[in-house]
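**Q** Show me the folded form of this:
(2 chains)
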Amino acid sequence: MTLPSLTIDAVREGLLSRRFSARELAAEALRFAEAENPKTSAYLRFSPERALAAAECVDRRIARGEDPGPLAGVPLAVKDVIVTKGVVTTCGSKLLARYVPPYDATAVERVEAAGGVILGKTNCDEFAMGSSTENSAFGPTRNPVALDRVPGGSSGGSAAVVAQGTAVVALGSDTGGSVRQPASFCGVVGVTPTYGRVSRYGLTAFASSLDHIGPFARTVKDAATLLGVIAGRDPMDATSAEAPVPDYAALLDGNVKGLKLGLPLEYLKGLKGETADLLAGAVESLKSLGCQVRDISLPTTDYAIACYYVIATAEASSNLARYDGVRYTSRPAVESFADLYRETRGEGFGAECKRRIMLGTYVLSAGYYDAYYLKAQKVRALIARDFARAFEEVDAIIAPVSPFPAFRLGEKVDDPVAMYLSDIYTITGSLAGIPCMSVPCGSTTEGLPVGMQILTRHFDETTMFRLAHAFEASRA
Amino acid sequence: MKLTEKEVRYVADLANLALTDAEVGKLHADLDGILEHFDKLNEVDTSDVEPMAQVLFSAGGTSTLREDRPRQPLDNQTALANAPQPGAGYFKVPKVIER
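**A** The predicted structure is shown next:
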């Protein structure tokens, strides 16, 4: 069993044919991941006790002749903004360096109930704020494809472990592109489902109206299987949807001939270089599969960055108010009650979190609320309307993920506006709350992966996966 | 300039964020650049648009609340386990009211 080439199906087949036990696989996966991790620092820590206990539970189910679950024995990783009972969860922040959650996120519970084996927690930008994983208080993660480059962010660690082969699949979170962009940078599949498709219970809140948990995998099928496990209504998250969850993995093989695909003119006009060439090549592949491709327009695209950064920072400034040094954060030595809040937060938060808290507080402050926050919510409605209109004409939208492939560590840290602007292709789908994913569509001459984005109607992950699966097969 | 240094310090107070002078200077420049970009929003005519406060406001069933049933809460010890300064079953903080 070689971890880097394992799939969910291969693990299942190995277990059921008794070639290896779940415990043997977990022990080997932990050994391999711990040995390989220093190259990338993608894992922040491992959870061997929990992993081995979960694996033994799978072995017992198999011994009793029970179905061991759709993720039976699958070694996987979880982004460190998703809480795990008894396993330190830092959110990439110094403030939570020693935080041990007293409960599991719903997605974590569901993954383990399905037989999944959590090897450890992965690095990310502090409180998921960033596009490179360089904003982690615990140091950056390196891209396994090119070690001098970033893995993207904020779920850089989860993308990296899947690309590096130190996990079969991983959970990440996406607020404005934090699953899709690192998936593109690392050459793996990354999915942001419909808003409400997956419970956010236990996902540390950044911007509640934009936060999603989503899967990373090396194949479309594995991503579909993992989403199927974590999706569905959860009473603990009032925004989680009642809509039934289709068997995504079983619906992958449908025909894509005649599917109508839209290419947004506004996205392509600024796209340059090899990223543009690779996307054009991908569109040709889709045409040869029998898809009908046409140009579409999403006229409010130009306003999406401003809209997103008003809403996301406003929500963040409110959500991050809870880190006050009283209940679960570290606390510096202070004399007065007023200093307790100010000093805890001043010492604890990194530069990007402070920037966003300040921005969000400013746009919500007296006299500015209407001009910024309310205005942004109205523009958001127009962005969502753009997509709704486009989906009257097409079944799916094809788009870039990032304007450029993985950049070098340190290359962009000093220019926050440039970093924000690079989120343009991913934040529009986030604002509309529609499902979107990144699927690898080739590499540059330097060998850097580039992803293609697929976006579909609310709750139509099935079409998205089917198209991605056909595309993946056409490139194999 | 979109905002003054004094405003930066005022917003930091609202956010309960202690900042060094160097941080105030850097944030002043950063916020100014970002707020300048935010002005783009004024180009959009939103006169007849309802603000999007809910993501799937028209899709049924997303705002359902769970049944209000009593459940066992976290026990005292578990709730205090991560506290920087627990004491006598409570979260301790510096004295709030001086007598």
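
**Q** so what's the residue of chain B found nearest chain A closest to, chain neighbours aside?
**A** Residue nearest to chain A within chain B: B:Ala18 (3.0 Å; CB to the nearest CB). Any C-beta I mention is one placed from the backbone N, CA and C, and that applies to glycine too. The shortest distance from B:Ala18 to any non-neighbouring residue, by CB to CB, 6 or more residues apart in numbering or on different chains, is to A:Gly346 (3.0 Å).

**Q** what's downstream of the helix or strand that contains the one you found, the next helix or strand?
**A** Per DSSP states H and E: A:Gly346 is located in helix A:337-348. Remark: after helix A:337-348, the chain's next helix or strand is helix A:351-364, criterion DSSP H and E.

**Q** what's the angle from that next one to helix A:337-348?
**A** 130 degrees (axes from the mean of the first three to the mean of the last three CA atoms, to 10 degrees).

**Q** quick one: contacts of the very next helix or strand once past helix A:351-364?
**A** Next in sequence after helix A:351-364, counting helices and strands by DSSP H and E, comes helix A:375-393. Helix A:375-393 is touched from outside by A:260, A:262, A:264, A:294, A:296-301, A:303-304, A:306-307, A:310-311, A:314, A:363, A:397, A:428-429, A:431-434, A:455-457, B:41-42, B:44, B:46, B:49-53, with contacts defined as CB atoms under 8 Å, 6 or more residues apart in numbering or on different chains.

**Q** residue nearest the centroid of chain B?
**A** B:Ala15 (7.6 Å; CA atoms, centre = their mean).

**Q** lowest-pLDDT helix or strand in the chain?
**A** Because you didn't say which chain, this covers chain A. helix A:416-421 (a mean of 84; mean pLDDT, DSSP states H and E).

**Q** think we crossed wires, I meant chain B
**A** For chain B, counting by mean pLDDT, DSSP H and E, that's strand B:86-87 with a mean of 92.

**Q** How about whatever helix or strand comes next after it and chain A, any contact?
**A** Note on strand B:86-87: by DSSP H and E, the next helix or strand toward the C-terminus is strand B:90-91. Yes: for strand B:90-91, a contact with chain A is found by CB under 8 Å from any CB of the partner chain, at B:Phe91.

**Q** tell me what the helix holding A:Gly346 is packed against?
**A** Applying 3 or more CB pairs under 8 Å, 6 or more residues apart in numbering or on different chains; DSSP states H and E, we find helix A:337-348 packed against no helix or strand.

**Q** Let me know the average pLDDT across that helix.
**A** Average pLDDT, helix A:337-348: 94.

**Q** What of stretch A:304-321?
**A** Across stretch A:304-321, the per-residue pLDDT values average to 97.

**Q** Could you do stretch A:46-56 as well?
**A** For stretch A:46-56, the mean pLDDT works out to 98.

**Q** With stretch A:190-207 instead?
**A** Computed over stretch A:190-207, the average pLDDT equals 97.

**Q** Kindly check the end-to-end length of it for me.
**A** 20 Å (CA to CA, to the nearest Å).

**Q** Tell me which residues are up against the helix or strand in which A:Asp9 is found.
**A** Here A:Asp9, judged by DSSP H and E, is contained in helix A:8-16. By CB under 8 Å, 6+ apart, the residues outside helix A:8-16 that reach it are A:1, A:20-22, A:25, A:58, A:62, A:68, A:70-75, A:168-169, A:221-222, A:225-226.

**Q** who's A:Gly262 bridged to?
**A** A:Gly262 forms beta bridges with A:Arg294, A:Ile397, as assigned by DSSP bridges.

**Q** Please verify my assumption that it contacts A:Cys291.
**A** No: taking contacts as CB atoms under 8 Å, A:Gly262 lies outside contact range of A:Cys291: 10.6 Å.

**Q** quick one on the thing from earlier: in the helix holding A:Gly346, which of the residues would be classed as buried?
**A** Buried positions in helix A:337-348, judged by neighbour count with 16 or more other CB atoms under 10 Å in any protein chain shown: A:Asp339, A:Leu340, A:Tyr341, A:Arg342, A:Glu343, A:Thr344, A:Arg345, A:Gly346, A:Gly348.

**Q** Pull the contacting residues for the fifth one.
**A** Looking back up the chat, that one is A:Glu343. A:Gly325, A:Pro332, A:Val334, B:Ala18.

**Q** how about those in CSV, adding neighbour count and secondary structure?
**A** Output for the contacts of A:Glu343, formatted as CSV (neighbours: other CB atoms under 10 Å in any protein chain shown; DSSP: H, G, I helix; E, B strand; the rest coil):
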residue, neighbour count, secondary structure
A:Gly325, 26, coil
A:Pro332, 14, coil
A:Val334, 18, coil
B:Ala18, 17, coil
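
**Q** Return the member of the residues you listed nearest to A:Tyr103.
**A** A:Gly325 (21.6 Å; CB to CB).

**Q** The closest residue in space to the closest one that isn't next to it in sequence: what's it in contact with?
**A** Leaving aside its sequence neighbours, A:Gly325 sits nearest to A:Thr344 (CB to CB, 6+ apart; 3.2 Å). Contact partners of A:Thr344, counting by CB under 8 Å, 6+ apart, are A:Leu95, A:Tyr323, A:Asp324, A:Gly325, A:Thr329, A:Ser330, A:Arg331, A:Pro332, A:Val334.

**Q** how close does A:Thr344 get to A:Leu96?
**A** Separation of A:Thr344 from A:Leu96 (CB to CB, to the nearest Å): 12 Å.

**Q** Common neighbours of these two, please.
**A** Joint contacts of A:Thr344 and A:Leu96 (CB under 8 Å, 6+ apart) are A:Tyr323, A:Thr329, A:Ser330.

**Q** So which other helices or strands are in contact with whatever helix or strand A:Ala107 lives in?
**A** In this assignment (DSSP H and E), A:Ala107 forms part of helix A:106-113. Counting contacts by 3+ CB pairs under 8 Å, 6+ apart, helix A:106-113 packs against strand A:75-79, strand A:117-122, strand A:169-174, helix A:220-230.

**Q** Identify the residues contacting the shortest one?
**A** It stands for strand A:75-79. A:3, A:6, A:11, A:25-26, A:29-30, A:33, A:42-43, A:51, A:84, A:108, A:111, A:116-122, A:124, A:128, A:155, A:157-158, A:161-162, A:166-173, A:226.

**Q** now do 7 Å
**A** Contact partners of strand A:75-79, identified using CB atoms under 7 Å, 6 or more residues apart in numbering or on different chains, comprise A:3, A:25-26, A:29, A:43, A:84, A:108, A:111, A:116-122, A:124, A:155, A:157-158, A:161, A:167-173.

**Q** And for the longest one?
**A** When contacts are defined by CB under 7 Å, 6+ apart, helix A:220-230 is touched by residues A:7-8, A:70-71, A:107, A:110-111, A:114, A:168-169, A:189, A:191, A:193, A:198, A:213, A:215, A:217, A:245, A:247-249, A:252, A:439, A:461, A:465, A:468-469, A:472.

**Q** at 6 Å instead, please
**A** Outside of helix A:220-230, the residues within contact range by CB atoms under 6 Å, 6 or more residues apart in numbering or on different chains are A:7-8, A:70-71, A:107, A:110, A:114, A:169, A:189, A:191, A:193, A:198, A:215, A:217, A:248-249, A:465, A:468-469, A:472.

**Q** low pLDDT regions in the chain?
**A** No chain in the question, so chain A it is. Residues of chain A meeting the criterion pLDDT under 70: A:1.

**Q** looking at chain B here, not the other one
**A** B:57-64, B:99.
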